[in-house]
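In: Got a predicted structure plus its sequence, pasted below:
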Amino acid sequence: MSWNWPTVAWAAVALLLFAAEAMAPGAFMLWLGLAAAAVFVLVLALPELTVLTQVAAFVVLSFVSVQVYRTWFRKREPASDQPLLNRRAEQLIGRVVPLERGIVAGRGRVQIADAFWDVSGPDLPAGALVRVVGAEAMVLHVEAAG
């Protein structure tokens with residue numbers, strides 16, 4: 001076992017990638033870290049490998065490990081019990097509310113709870129009941145209710 005600079009470098013790269021995964025979880029750096037760790041073991045076993053061969057092995061192993069993640073592990077992640085948790089506008093779809101400001105030239109405004117929302121839809125007077133049928137960014141798409 002020889003501890004030359006490529007061996008130490010691959011160990012350091014693997015540790016840095018594992019640390020990056022720990023600080024910013026997302027299950028991506030983990031797989032690159034595993035590829036770097038595999039190259040580290042490869043360089044320990046075969047110290048005569050050129051740097052170009054080592055880098056090529058890292059690239060190939062990184063690609064393979066990411067594909068393994070995408071194929072087998074990503075599909076097994078549990079579905080969220082609240083898929084609209086951070087999609088506030090989409091949570092409002094289906095609600096019926098009165099117009100706070102009538103819709104003129106396709107634009108109006110409603111108040112839902114303590115928030116005011118811009119709306120788009122057919123021209124309607126203030127106070128008319130509208131149903132939220134869609135959302136795009138911070139604009140709710142509405143239609144006349146009833």
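Out: That came through fine. Residues are numbered from 1 along each chain as shown.
In: and the protein, what are its domains?
Out: Annotated domains of the chain cover 5-76, 88-144 [automatic domain parsing].
In: Lowest average pLDDT across those?
Out: Mean pLDDT values for the domains of the chain show the minimum at domain 5-76, a mean of 88.
In: Mind jotting down where the helices sit in this protein?
Out: Along the chain, counting by DSSP state H, helices occupy 5-23, 29-45, 51-68, 88-91.
In: just to revisit the earlier point, format the domains of the chain as TSV; extra columns: mean neighbour count.
Out: (Glycine included, C-beta is placed from N, CA and C.) Supplementary listing: the domains of the chain in TSV, determined by neighbours: other CB atoms under 10 Å:
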stretch	mean neighbour count
domain 5-76	15
domain 88-144	15
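In: The ones you listed: which one's closest to Q82?
Out: Among the domains of the chain, domain 88-144 comes nearest to Q82, with 9.6 Å by CB to CB.
In: how far does that closest one sit from the chain's center?
Out: Distance of domain 88-144 from the chain centroid (CA atoms, centre = their mean, to the nearest Å) equals 28 Å.
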